[in-house]
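# got a predicted structure here, sequence first:
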Amino acid sequence: MPPTRFLRCLLLRRSPRRAGRTGKLWVALAGLGAVAAPAARAQDVYYSQPYATRLHLNPAFTGLLDDASVTLTYRNQYPTLIGALQTTQLAADYRLASQRSAVGLLINADRGGGLSLTRLEAGFTYAYHARLSPQLYVSGGARASYGSQRISYGNLLFGDQLADDGQQLGPTAEPLVYDPVHYLSLGLGGLVYTSNAWVGLALDHANQPVVGVADDAVLPFRLALHGGYKHYFVKTTVKRQYREVSVAPTAAYSYQGGSQRLELGVYGTITPLTAGLVWRGAVPGPGATQQTLVALLGLTGNGFRLGYSYDVSLSQFSRETGGAHEITLSLTKFDLIEAAKRRLRRKNYAAPPCPVF
């Protein structure tokens with residue numbers, strides 16, 4: 001099917017009456033989309049709580065913050081649009097008895113768009129932890145994932161389904177066949193940290209798997225650089241109760257498929273609450289207009305973490321689409337007494353000072 005016809009069908013959706021009033025606009029948009037389509041590339045979801053979804057950010061985080069944890073994340077992006085982008089993630093990690101290794105599980109499910117695009121990706125992570133000096137630690141990780149992507153034409157309305165008066169006729173004669181595409185994705189990551197600072201680098205989709213029917217429909221590699229510094233005003237553990245008062249400025253840079261993104265944020269923690277404010281936008285340059293301000297609030301309890309964030313868009317297009325909501329819930333296990341024993345035996349690997357949301 002020609003690209004212009006396909007995009008026109010996508011834009012018409014289920015509203016033939018509106019299509020009649022705005023037909024010229026749809027044709028213009030369809031023509032523009034047809035020109036841009038050959039250069040299109042798939043991209044990953046960017047989470048607003050990167051350290052709550054840290055296995056997605058960098059596999060080197062596997063097993064570093066907790067002895068064991070399970071995290072469920074839900075993100076609803078552009079909620080005012082028909083076909084909003086919705087992402088659900090399940091992540092789990094477990095630190096092995098040696099304390100030097102950890103394994104993790106990461107499952108992502110994406111759904112949205114006019115074609116009900118669905119992508120399911122599941123994989124495993126592994127990380128190895130080492131101490132370079134009494135105050136310097138390093139972790140290296142790897143991830144291997146298997147994914148499946150497909151689209152559905154069930155909610156589209158084609159031209160041969162419309163009568164002259166705009167009434168809907170029977171089924172379309174268009175061949176609507178799109179079998180799921182399966183792919184393998186590989187990634188690597190590294191992290192260096194002290195008790196107050198951290199810096200990490202991750203390369204995901206290193207093999208650039210094909211995720212569509214066209215040969216150039218690849219999932220380009222994602223390069224992510226992230227780091228920060230935490231200043232503690234209070235950091236104590238009394239009667240197995242940890243208390244922290246701190247502030248942590250953070251920065252991150254990512255590159256994927258020609259798109260560059262910069263993040264600058266600051267997190268404040270007064271146990272059990274964490275609040276953060278993060279600016280996210282395209283790297284300054286021609287056409288760099290997409291900017292977002294993320295406000296987040298997190299609550300940490302005995303064995304759980306609950307976080308919520310909202311993306312406040314600073315560009316006109318994004319404001320009209322409703323921003324994004326993101327919720328995370330983590331169940332965690334960390335034994336302070338056992339950690340103290342490991343510290344005495346010099347077998348304890350301190351956690352990086354990064355935020356937990």
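The structure has been received and is ready for your questions.
# I'd assumed residue 268 was in contact with residue 274.
Yes. With contact defined as C-beta atoms under 8 Å, residue 274 reaches residue 268; the gap is 7.1 Å. (Glycine included, C-beta is placed from N, CA and C.)
# the more surrounded of those two?
Remark: of residue 274 and residue 268, residue 274 carries more neighbours, 23 against 14, as counted by other C-beta atoms under 10 Å.
# ok, and the closest non-adjacent residue to that one?
residue 298 (4.1 Å; C-beta to C-beta, 6 or more residues apart in numbering).
# now the element after the lowest-mean-pLDDT helix or strand in the chain, going C-ward?
Sorting the helices and strands of the chain by mean pLDDT, DSSP states H and E puts helix 23-36 at the bottom, at a mean of 33. Per DSSP states H and E, helix 23-36 leads on to helix 54-57 as the next helix or strand towards the C-terminus.
# and for that next one, what's in contact with it?
Residues outside helix 54-57 that contact it (C-beta atoms under 8 Å, 6 or more residues apart in numbering) are 47, 50-51, 61-62, 65, 89, 91, 93, 104, 106, 108, 125, 143, 200, 202, 224, 226, 354.
# show the end-to-end separation of stretch 194-211, please.
End-to-end distance of stretch 194-211: 39 Å, with C-alpha to C-alpha, to the nearest Å as the criterion.
# now do the buried residues in it.
194, 198, 199, 200, 201, 202, 203, 204, 205, 209, 210, 211 (16 or more other C-beta atoms under 10 Å).
# can you pull the contacts of the third one?
With contact set as C-beta under 8 Å, 6+ apart, residue 199 has these partners: 191, 192, 193, 225, 226, 227.
# go with 10 Å
Applying C-beta atoms under 10 Å, 6 or more residues apart in numbering, we find residue 199 in contact with 190, 191, 192, 193, 225, 226, 227, 228, 229, 251, 352.
# and the helices in the protein?
All helices of the chain, identified by DSSP state H, fall at 3-12, 16-21, 23-36, 54-57, 316-320, 336-344.
# can you give me the mean pLDDT across the fifth one?
Going back to what we said before, that points to helix 316-320. For helix 316-320, the mean per-residue pLDDT is 57.
# tell me the buried residues in stretch 63-80?
63-67, 69-71, 73, 75-78.
# burial count for residue 324?
Residue 324 - counted by other C-beta under 10 Å - has 25 other residues nearby.
# what's across from it in the sheet?
Beta bridges link residue 324 to residue 77, residue 311 when assigned by DSSP bridges.
# how about residue 92?
residue 70, residue 105.
# need the contact list for it.
By C-beta under 10 Å, 6+ apart, the contact set of residue 92 is 55, 62, 68-72, 103-107, 125, 330-331.
# how far away is it from residue 149?
Distance of residue 92 to residue 149, computed by C-beta to C-beta, to the nearest Å: 23 Å.
# give the contact list for the residue nearest to residue 274.
Contacts of residue 298 by C-beta under 10 Å, 6+ apart are 49, 51-52, 267, 269, 272-276, 305-309, 328, 330, 355-357.
# the same query, at a cut-off of 7 Å, please.
With contacts defined as C-beta atoms under 7 Å, 6 or more residues apart in numbering, the neighbours of residue 298 are 274, 305, 306, 307, 356, 357.
# give me the buried entries from the residues you listed.
274, 305, 307, 356, 357.
# domains for the chain, by residue range?
The record assigns the chain these domain ranges, following automatic domain parsing: 1-40, 41-344.
# of these, which shows the lowest average pLDDT?
Among the domains of the chain, domain 1-40 carries the lowest mean pLDDT (a mean of 36).
# tell me how far residue 106 lies from residue 195.
Noted for residue 106: a distance of 27 Å to residue 195, by C-beta to C-beta.
# now do residue 323
Noted for residue 323: a distance of 36 Å to residue 195, by C-beta to C-beta.
# before we move on, what about residue 101?
Using C-beta to C-beta, residue 101 is found at 22 Å from residue 195.
# could you dump the contacts of residue 199 to CSV with neighbour count and distance to residue 292?
Formatted as CSV, the contacts of residue 199 follow (neighbours: other C-beta atoms under 10 Å; distance: C-beta to C-beta, whole Å):
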residue, neighbour count, distance to residue 292
190, 17, 28
191, 27, 25
192, 18, 28
193, 23, 27
225, 14, 19
226, 22, 17
227, 19, 20
228, 23, 19
229, 16, 23
251, 15, 16
352, 27, 25
